[in-house]
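**Student:** Predicted coordinates and the sequence they were generated for:
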Amino acid sequence: MKNTVLSFAFAVTASSALANGLAGYEAVTFPVAYQDALVSGAIWYPATDGGTAVSIGENGVFHGTAVQDAAPIAAGPFPVVLVSHGLGGNIRTLSWLTAGLAARGAVVVSVDHPNSTTQNFDLRAGLNHWTRVQDLQTALDKLESDPRFSGRLDMTRVMAAGFSYGGWTALSMGGITGNLAGYAAHCTEVGSASSHCADLAEGGIDLSSLDAAAWDAPYKDDRITMVAAIDPGLVYGLDQTDVQALVDDVLLIGLGEGADRLLATDFSATGSDFAAKLPDAKVEVIAPASHFSALLPCKPMGAEILKEEGDDPVCDDPAGSDRVAVHDRIIAKIAAQLGL
């Protein structure tokens with residue numbers, strides 16, 4: 001697959017009909033202000049006939065997502081979605097979502113956030129959460145300036161979406177401000193009961209020593225008109241003032257109930273009450289499911305391979321859960337929010 005510096009190699013066609021239900025796909029790279037190296041990502045878009053069938057994210061553990069590499073883009077105009085992956089994830093892990101929304105009729109951009117991806121991970125540097133917003137803002141700037149998208153982007157419908165830590169990225173881009181003191185107090189209170197707080201403690205990171213001015217600053221992008229956050233992180237310790245600038249159109253999707261719910265991303269838990277701070281937000285809780293149900297579908301031997309490698313049990317869904325059905329439900333909810 002050919003990489004470009006956010007200059008896309010597909011052709012534009014007059015037809016707006018999708019050729020075969022698959023999304024078009026193009027790998028991209030682009031510079032961002034805070035990084036010496038280029039940032040990698042992808043554009044996913046409604047396609048017509050053409051391109052090469054490829055599978056994104058396919059490996060011994062996960063089933064991949066079928067897309068058409070470098071296929072012609074349909075005419076549009078289409079809403080725009082910016083998608084942010086979780087801590088330690090990558091664009092492949094959410095390819096079911098990005099391709100699913102593109103096949104429904106959205107132009108979707110996702111990036112591998114430096115310092116918090118699978119192959120480029122630095123827990124301390126990754127806590128500079130605002131750099132993730134900068135990644136997506138830069139990608140959106142480049143997309144808007146590309147002449148091949150002229151008239152094909154509906155900039156009245158621009159969504160920031162994300163999963164886990166990426167859910168916070170989406171909320172931040174939509175107007176939420178952080179509260180470092182509040183989050184540090186939360187970690188002091190719950191300790192290892194929160195997987196994220198436990199990881200920070202294991203990494204020797206003292207939240208109170210971080211730059212509160214940068215953490216708590218606003219990073220809203222006025223182009224964002226709606227937000228969809230799936231199991232978002234960092235939602236503890238916020239004040240009502242931290243959410244006052246958030247866009248009105250917000251969807252919160254929670255994964256799992258009871259023991260299957262991850263405390264670190266439970267926006268309705270006591271001590272968070274994040275959902276209660278957003279009384280007009282649409283809230284969808286999907287169960288049975290777990291936090292890792294948002295990753296790609298696992299192959300039959302996936303769980304065993306992960307166990308042998310000593311990796312996280314990300315293929316162990318709760319009894320009765322259907323990961324593909326969970327994905328379909330999430331895609332349908334976000335597509336409806338986009339008016340697709």
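**Tutor:** Sure thing, it's come through. Here the structure is a predicted model, which means the values were calculated and not measured.
**Student:** Now do the helices in the stretch 51-200 of the chain.
**Tutor:** 95-104, 123-126, 130-145, 165-174, 180-190, 195-202 (DSSP state H, counting those that start in this stretch).
**Student:** Just the buried residues of the fourth one, please?
**Tutor:** Along helix 165-174, the positions that meet the burial threshold by neighbour count (16 or more other Cβ atoms under 10 Å) are 165, 166, 167, 168, 169, 170, 171, 172, 173, 174. Every C-beta, even on glycine, is put in place using the N, C-alpha and C of the backbone.
**Student:** Spit out the contact partners of the last one.
**Tutor:** Right, residue 174. Neighbour list for residue 174: 160, 220, 221, 224, 226, 227, 246, 247, 250 [criterion: Cβ atoms under 8 Å, 6 or more residues apart in numbering].
**Student:** With respect to residue 306, which of the residues you listed is nearest?
**Tutor:** residue 160 (30.5 Å; Cβ to Cβ).
**Student:** From residue 217, how far off is the closest one?
**Tutor:** Distance check for residue 160 against residue 217: by Cβ to Cβ, to the nearest Å, it reads 17 Å.
**Student:** Pretty sure residue 54 sits against residue 24.
**Tutor:** No - Residue 54 is not in contact with residue 24 according to Cβ atoms under 8 Å; the separation is 10.9 Å.
**Student:** hey, what's in contact with both of the two?
**Tutor:** Joint contacts of residue 54 and residue 24 (Cβ under 8 Å, 6+ apart) are 67, 68, 69.
**Student:** can I get the residues you listed in a markdown table with distance to residue 85 and pLDDT?
**Tutor:** Output for the shared contacts of residue 54 and residue 24, formatted as a markdown table (distance: Cβ to Cβ, whole Å; pLDDT from 0 to 100):
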| residue | distance to residue 85 | pLDDT |
| --- | --- | --- |
| 67 | 17 | 95 |
| 68 | 22 | 94 |
| 69 | 20 | 94 |
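**Student:** coming back round to it: give the residue from residue 54 and residue 24 that has the larger number of neighbours.
**Tutor:** residue 24 (28 against 16; other Cβ atoms under 10 Å).
**Student:** Of the helices of the stretch 51-200 of the chain, give the one that comes closest to residue 113.
**Tutor:** Among those, helix 130-145 sits nearest to residue 113 (Cβ to Cβ), with 4.8 Å.
**Student:** could I get the closest one in PDB with only the CA atoms?
**Tutor:** Below are the C-alpha coordinates for helix 130-145, written out as PDB (Å, rounded to 0.1, in the frame of the first residue of the first chain):
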ATOM      1  CA  TRP A 130      -3.300  17.600  23.900                       C
ATOM      2  CA  THR A 131      -0.800  16.400  21.300                       C
ATOM      3  CA  ARG A 132      -3.400  13.900  20.200                       C
ATOM      4  CA  VAL A 133      -5.800  16.800  19.400                       C
ATOM      5  CA  GLN A 134      -3.000  18.500  17.400                       C
ATOM      6  CA  ASP A 135      -2.600  15.300  15.400                       C
ATOM      7  CA  LEU A 136      -6.200  15.300  14.400                       C
ATOM      8  CA  GLN A 137      -6.300  19.000  13.800                       C
ATOM      9  CA  THR A 138      -3.400  18.800  11.400                       C
ATOM     10  CA  ALA A 139      -4.900  15.900   9.600                       C
ATOM     11  CA  LEU A 140      -8.200  17.800   9.200                       C
ATOM     12  CA  ASP A 141      -6.300  20.900   8.000                       C
ATOM     13  CA  LYS A 142      -4.700  18.800   5.300                       C
ATOM     14  CA  LEU A 143      -7.900  17.100   4.300                       C
ATOM     15  CA  GLU A 144      -9.700  20.500   3.900                       C
ATOM     16  CA  SER A 145      -6.900  21.900   1.800                       C
END
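**Student:** That's all I had, so thanks and see you.
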